[in-house]
Structures are given as C-alpha cells and as structure tokens.
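1. Take this sequence and fold it.
(chains A and B)
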2 protein chains.
Amino acid sequence: MATNSLPVLAILGGTGDLGTGLARRWAQAGYEVIIGSRNQEKADTAVADLREVMAERGVTELSVRSAENLAAAQAADIVTLTVPFSHQSSTLELVQAALQGKILIDVTVPLVPPKVARVQLPEGGSAGQIAQALLGDDVSVVSAFQNVAAAHLQEGSGLNCDVLVSGNKKDAREAVITLVEAAGMRGFHAGMINNAAAAEALTSVLITINKRYGCHAGIKITGIED
Amino acid sequence: MATNSLPVLAILGGTGDLGTGLARRWAQAGYEVIIGSRNQEKADTAVADLREVMAERGVTELSVRSAENLAAAQAADIVTLTVPFSHQSSTLELVQAALQGKILIDVTVPLVPPKVARVQLPEGGSAGQIAQALLGDDVSVVSAFQNVAAAHLQEGSGLNCDVLVSGNKKDAREAVITLVEAAGMRGFHAGMINNAAAAEALTSVLITINKRYGCHAGIKITGIED
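-> Predicted structure coming up:
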C-alpha cells in the first residue's frame, strides 16, 4: 500500500513489457501505480495479468489499477510515458493539461522501423527534447529507462544495469533517481534534457548487440568509487 | 618489436593523453606505432616522453617513432585520429589520399566548447559519419574509443571499460576489436557508422558524471554471458 508520502505514479501506454515491468517493481516498493492505455479494456487486462503473476509469487497486496491515459495522468503525481515513438506526440497532446506542474518521465526511444538497430535521432535532437518543447517549461521532462531490457524488468531479481537520468531540473532528476532505485537499479544525473540523445542512441546499439550476441544487454557506469 | 604479421599503426594528433595512452598500450602489445602531429617537434617530444615513462617502468624495447601527420598516415596500415572536432575535417583532407584502402579509426567526439557536457551532435549525425562521407567508400571508417578515460589509458593496469566499435564493414570492425583487446579492453560490434552517434553523445554524459561524481567514468556492457 502506498503511504501518504509517496507520489502516485501513472504509466501511460503501460500495458507492454516495459510498462508492466516498471509497474510491478514500483508497486512492490509500495507505490500506488496506475497502468494507463488508450483502451480501458487493455489496461484492465494488463492489471489482471500483473495481479495473477504476482499472486503466483505470493504477493497479493499490490496497489495497481487501470485507467485510460488521460484519467491516469490526471490522477498521478509523476507520469511515465512508455509508448512507441510514433505515438509520443499524440499521447502528450492528449494529456498536456493534466501534466502541468508535474514530472513526466519520458522513456521514448526514437526508433525508426524497420531499421531499429540503426541510430536515427530526430530533428529535434532527441525524443526527450521533443517532449520538453511540446509540453512547455511548467512540465519537468526527465528522460530515463531507455537502456533497461524489459525482459530483465519482468524478472524478480536484481538488475545489472544502470539508468541515465537527463532533465533540465535537478529536483526532478532526483525524484526520478529515487524511482530508479525503487525499481532496483542505480540512476545517474546525466545532464540536461539534450543529453537524452545519448541513452536514446545507445538503445539502437544495444539492439545491435542483442542480435549479434544473443542477449539482453544493458550498461553499467564504471570508474565511480562506491 | 612488431612482427611482420602485425599492422603498422599511426595515431594522428597523437601527442595528447589519449593518443599517447593508446600508443603506449599498442607498443607494449608488440605493434609498431607512429605518433603523428602537425608539428614534427611536438611528435618528437611525445615519443621521448613516452620512452622516458616506459623506461622508468623497465620497458626499453618499444617500437614507437614520430612523424608529421601526412608521413605517419602514409607509413601506416591502420590510422587512428585523435584530434579535437574542430580539426577533424582539415586533418582528414590532408591525409585523404594516404588513407585509401586503409582503416581509419575515428576517435573524434563532436564536443562544442564551452558546453562540452551537453550533447550537441553535428548535422551529419556524428563525427564518424562526417569522416566516412569525407573520405569516401574506399576508406573503412571505424568509430571507437570515445568513452575511454585517457587517465585510465595512461595507467599500466587493466581497464574497467568497454569500447563500442561502429563501422559499415564487418572485417574492419573486427580488425579494430583486435586492437581494442590489444589495449586491454573488450570491444563490441556496435553497428553501422551511424551508430557512432551513441558513443559520441555518451561522452558528454560521462563528462557530466565526471564533474558531478568526481571520477573518470566509463561504461561496461552488461547482460552478456562471458
């Protein structure tokens, strides 16, 4: 159960492996989580599936519910976006008013199918910059989680993978690093929102490595004294 | 001493910490290395300094010599470029004819001072793509080593840092991965030359992390079974 001191979290487009993986980890850490979708039934199914998986593991007390994307954004304090790049702008336009004064965690990777293993950054520099420009300065866009393999998020164990956290406001980055840690990973201040380009580009490199080496690769930052 | 089977290596603009760090490691692995500079005297000094440092460690048999950049490129089989972004194109234009049929290892990071901690990728997408476009298809441009801290290269010990290796030709990437391993690191096939953008952008993120956490950060790829 979420305590009063924890922010309510929404995950828009949260019915995929990445969204439900984050939902599971945050709910297990005690957060109230809303899985959002364009389609209420899809969101209902994702929540039911998540409850079933967790019940098999003996976890029955999870504060997870479903909603359409707009209602999810309205009800949450911090909103995470996990939709394909082609749906990023339309989803943000839908929820723009509901995001004012809040943090948006943008997980969008600007992949251009079919060549998803090739870096093809957008004209705006990165999906993170596109989101910040679209939403305006009263929304704190923080880019994160692009380099986390959904397959590993879905596992119950620890994650051997770090998260680069970019955004123009330090307080917002701090809040997201707290959520990264709640999900079982280390998060690093990675600079202004322009620097989202690094993690977004790296995703295509990791896809290349996954194909070649048959794995679900991630990255760790080295050279820092623990 | 280099054996006949090893390629001769040139490092253009090789008098800095990164260039001399690579020179030291490759020479110790038995390669013949030419440190190139715009200025013969600067190259002479770099080689003399390198010999002195290595002699202090008891290493006197090193096949390292100095040359101006053009002569270095002409004499080498594989050429590495370690100049600031602002000198990349002029240096490549100088040696273009000498590079035909060879591999160019591009280490250029498109930093735009004074905001070097901010990702500011060039219009061509990446420095790697700029090099490949400038040199033409008879030169195999391979992007590598952007994320290696020169401070760590200068140390004698092992390096806790991986190298992303991008380029359009697999054989050329393989040859560079051999050189990455000779320098004491793991190298990964990271895709076509477009994917140089990832390592180049990541450098500004690592600069951000170095400033904030007081370190010389690098990256490791995780999730691959050894």
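2. In stretch A:145-163, which of the residues would be classed as buried?
-> A:145-150, A:152-153, A:159, A:161-163 (16 or more other Cβ atoms under 10 Å in any protein chain shown). Backbone N, C-alpha and C define where each C-beta goes, glycine included.
3. Repeat that for stretch A:98-108.
-> So for stretch A:98-108, counting by 16+ other Cβ under 10 Å, buried means A:98-99, A:102-108.
4. Just the ones of the buried residues of stretch A:145-163 in helices?
-> A:150, A:152-153 (DSSP state H).
5. Now tell me which helix or strand of chain A has the poorest mean pLDDT.
-> Ranked by mean pLDDT, DSSP states H and E, the weakest helix or strand in chain A is helix A:150-154, scoring a mean of 87.
6. one step back: the ones in helices among the buried residues of stretch A:145-163: which ones sit near chain B?
-> Among those, proximity to chain B is found for residue A:152 (Cβ under 8 Å from any Cβ of the partner chain).
7. Poorly predicted segments of chain A, please.
-> Applying pLDDT under 70 to chain A flags the ranges A:1-4, A:156, A:226.
8. can you give me the strands for it?
-> A:9-12, A:33-37, A:64-68, A:78-81, A:103-106, A:140-143, A:162-167, A:186-189, A:218-222 (DSSP state E).
9. any chance of these in CSV, plus distance to chain B?
-> Listed next are these as CSV, based on distance: least, Cβ to the nearest Cβ, whole Å:
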stretch, distance to chain B
strand A:9-12, 23
strand A:33-37, 26
strand A:64-68, 27
strand A:78-81, 20
strand A:103-106, 15
strand A:140-143, 11
strand A:162-167, 6
strand A:186-189, 5
strand A:218-222, 5
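10. Dump the ones you listed into CSV; add distance to residue A:52 as well.
-> What follows is those, written out as CSV (distance: least, Cβ to Cβ, whole Å):
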stretch, distance to residue A:52
strand A:9-12, 18
strand A:33-37, 14
strand A:64-68, 12
strand A:78-81, 22
strand A:103-106, 26
strand A:140-143, 31
strand A:162-167, 28
strand A:186-189, 30
strand A:218-222, 27
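11. follow-up on the earlier one: nearest to chain B among the ones in helices among the buried residues of stretch A:145-163?
-> residue A:152 (7.2 Å; Cβ to the nearest Cβ).
12. just checking, the closest one touches residue A:159?
-> Yes - Residue A:152 is within contact range of residue A:159, at 5.4 Å (criterion: Cβ atoms under 8 Å).
13. joint contacts of the two?
-> Counting by Cβ atoms under 8 Å, 6 or more residues apart in numbering or on different chains, the shared contacts of residue A:152 and residue A:159 are residue A:218.
14. Report the separation between residue A:166 and residue A:158.
-> Per Cβ to Cβ, to the nearest Å, residue A:166 is found 24 Å from residue A:158.
15. Identify the residues contacting the least confident helix or strand of chain A?
-> Helix A:150-154 has contacts (Cβ under 8 Å, 6+ apart) with A:16-18, A:20-22, A:24-25, A:159-161, A:183, A:216, A:218, B:223.
16. Which parts of chain A are helices?
-> Taking DSSP H as the criterion, chain A carries its helices at A:17-28, A:40-56, A:69-75, A:88-99, A:127-135, A:150-154, A:170-182, A:196-213.
17. Let me know whether the first one sits next to chain B.
-> No - with Cβ under 8 Å from any Cβ as the threshold, helix A:17-28 lies outside contact range of chain B, at a closest distance of 14.7 Å.
18. tally of neighbours for the residue nearest to residue A:82 when sequence neighbours are not counted?
-> Among residues not flanking residue A:82 along the chain, residue A:19 sits closest, at 4.3 Å (Cβ to Cβ, 6 or more residues apart in numbering or on different chains). Residue A:19 has 27 neighbouring residues, counting by other Cβ atoms under 10 Å in any protein chain shown.
19. do the same with residue A:50
-> 23.
20. ok, now how distant is it from chain B?
-> Using Cβ to the nearest Cβ, to the nearest Å, one gets 24 Å for the distance from residue A:50 to chain B.
21. Tell me which residues touch the nearest residue to that residue once chain neighbours are set aside, please.
-> Nearest residue to residue A:50, sequence neighbours excluded (Cβ to Cβ, 6+ apart): residue A:20, at 5.6 Å. For residue A:20, the contacting residues are A:14, A:35, A:46, A:49-50, A:154, by Cβ under 8 Å, 6+ apart.
22. Greatest separation within those residues: which pair is it?
-> Using Cβ to Cβ, the contacts of residue A:20 span at most 14.3 Å, a distance reached by A:35 and A:154.
23. could you list every residue that touches residue A:76?
-> Counting by Cβ under 8 Å, 6+ apart, residue A:76 touches A:7-10, A:34, A:102.
24. Repeat that for residue A:12.
-> Contacts for residue A:12 (Cβ under 8 Å, 6+ apart) come out as A:36-37, A:69, A:72-73, A:79-83, A:91, A:95.
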